[in-house]
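K.L.:
Turn this into a structure:
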Amino acid sequence: MSAATRPWGVVLLAIFFLAATIILVGAGLALLLPGSLMETVWLIYPERRALLMPHRLWLAPAFLSLACAMAAASVGSFKQRKWGWWLATTIFAVNGLSDAGQIVLGHVAEGVIGVLVAGAILFFLTRPTVRAAYKS
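P.N.:
Numbering: from 1, shown residues only. Just a heads-up that it's a prediction; the model follows:
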């Protein structure tokens, strides 16, 4: 399948994973390097700094590890590899399950929206034309 016949959603998904990689690296480095220029990442959502900074010693490596998974999913989607499809599907299945957990914890609106979005992306990924776009 050439780039011209590639489902547009596959490209958007690869770009989404790339953006997630950049955000996770920025947040991970901001946690590792408090007081550095990386702290500008908290301008987007300043409340998160106060919430995350006390746990920075384990969250920073977790964010950076997650960034590696997102980077791999981006490469796998851009290159349309079967392993990229499996990784993307796994990421959104886990994300949907964690959003369902948010509902249980009382964050109903956030959880329902998250489950619906993850479900829609999983539905997209399982369409025959999309799945076929991810070759071996």
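K.L.:
Report how many residues lie close to the closest residue to Arg6 other than its chain neighbours.
P.N.:
Distances taken as C-beta to C-beta, 6 or more residues apart in numbering place Ala133 nearest to Arg6, at 5.9 Å, with adjacent residues excluded. Where you see a C-beta, it was placed from the backbone N, CA and C, and this is true even at glycine. Around Ala133 there are 17 other residues, counting by other C-beta atoms under 10 Å.
K.L.:
One more: Ala50?
P.N.:
By other C-beta under 10 Å, 9 other residues sit near Ala50.
K.L.:
And it, how close does it get to Met70?
P.N.:
Using C-beta to C-beta, to the nearest Å, Ala50 is found at 25 Å from Met70.
K.L.:
What of Gly28?
P.N.:
Distance, Gly28 to Met70, using C-beta to C-beta: 11 Å.
K.L.:
Let me see the residues that make contact with stretch 49-56.
P.N.:
Here stretch 49-56 makes contact (C-beta atoms under 8 Å, 6 or more residues apart in numbering) with Ala27, Ala30, Leu31, Leu32, Pro34, Glu39, Trp42, Leu59.
K.L.:
out of those residues, which are buried?
P.N.:
Neighbour-count burial (16 or more other C-beta atoms under 10 Å) is assigned, among those, to Ala27, Ala30, Leu31, Leu32, Trp42, Leu59.
K.L.:
Where is pLDDT lowest across the residues you listed?
P.N.:
Ranked by pLDDT, those bottom out at Trp42 (88).
K.L.:
ok, then the element right after the lengthiest helix in the chain?
P.N.:
The longest helix of the chain (DSSP state H) is helix 8-32. Going down the chain from helix 8-32, the next helix or strand is helix 46-52, by DSSP states H and E.
K.L.:
Any buried residues in the helix or strand just after that next one, and which?
P.N.:
As assigned by DSSP H and E, the chain's next helix or strand after helix 46-52 is helix 56-78. For helix 56-78, a neighbour-count test (16+ other C-beta under 10 Å) marks 56, 59-60, 63-64, 66-67, 69-78 as buried.
K.L.:
How far away from the center of its chain is helix 56-78?
P.N.:
Chain-centre distance of helix 56-78: 8 Å, with C-alpha atoms, centre = their mean, to the nearest Å.
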